[in-house]
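Student: Fold the following for me, if possible:
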Amino acid sequence: MTDSEVHPAPFVMLTQDDCPSCERLKLMLAKPLKGQFESQIEVVHRQQHAEAFFALTERSGVRSTPALIHRASGKVLLNTGGLGEVRGFLTGQG
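Tutor: Numbering: from 1, shown residues only. Below you'll find the predicted structure:
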């Protein structure tokens, strides 16, 4: 059993191929947010992890990407275009 299976990341990012908004969110997390949340987010890619992706969308009701999901509360952030919204969601301020 890996550490990620025992202690999963508190957040999940749903993403998929051919998704410009997904790429913008990834760049935002890497550049302006300087990767500070990288270890806290598990990326679930629709084409690469189809079973996990569909289980998460079924449970959360998410029908579009990108989406951030807080595992413990089930809260979902779909409006990932703004730095303030993303940072607030990931720090519990949003």
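Student: residues contacting S60?
Tutor: A67, I69, G74, V76 (C-beta atoms under 8 Å, 6 or more residues apart in numbering). For every residue, glycine as well, the C-beta is placed using N, CA and C.
Student: do L14 as well
Tutor: Going by C-beta under 8 Å, 6+ apart, L14 touches V44, R46, F53, L56, T57, V62, T65, P66, A67, L68, I69.
Student: Take those residues and keep only those in strands.
Tutor: V44, A67, L68, I69 (DSSP state E).
Student: May I have the beta-bridge partners of the second one?
Tutor: If I follow you right, that is A67. A67 has the following beta-bridge partners by DSSP bridges: L14.
Student: before we move on, the earlier item: now the two most distant members of the contacts of L14.
Tutor: R46 and L68 (14.9 Å; C-beta to C-beta).
Student: Which one's more surrounded, those two?
Tutor: Taking neighbours as other C-beta atoms under 10 Å, R46 and L68 compare with L68 leading, 24 against 17.
Student: these two touch, right, the more buried one and L77?
Tutor: Yes - using C-beta atoms under 8 Å, L68 is in contact with L77, at 4.3 Å.
Student: list residues touching both of the two?
Tutor: V86, F89.
Student: OK, contacts around the spatially closest residue to F89 that is not a sequence neighbour?
Tutor: Nearest non-adjacent residue to F89, counting by C-beta to C-beta, 6 or more residues apart in numbering: L77, 4.4 Å away. For L77, the contact set (C-beta under 8 Å, 6+ apart) comprises A67, L68, I69, E85, V86, F89, G94.
Student: Turn the contacts of S60 into CSV, including distance to A9 and pLDDT.
Tutor: Output for those, formatted as CSV (distance: C-beta to C-beta, whole Å; pLDDT from 0 to 100):
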residue, distance to A9, pLDDT
A67, 15, 98
I69, 10, 98
G74, 15, 95
V76, 15, 97
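Student: Need those residues in a markdown table (columns: distance to F11 and neighbour count).
Tutor: Formatted as a markdown table, the contacts of S60 follow (distance: C-beta to C-beta, whole Å; neighbours: other C-beta atoms under 10 Å):
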| residue | distance to F11 | neighbour count |
| --- | --- | --- |
| A67 | 10 | 24 |
| I69 | 7 | 24 |
| G74 | 12 | 10 |
| V76 | 11 | 16 |
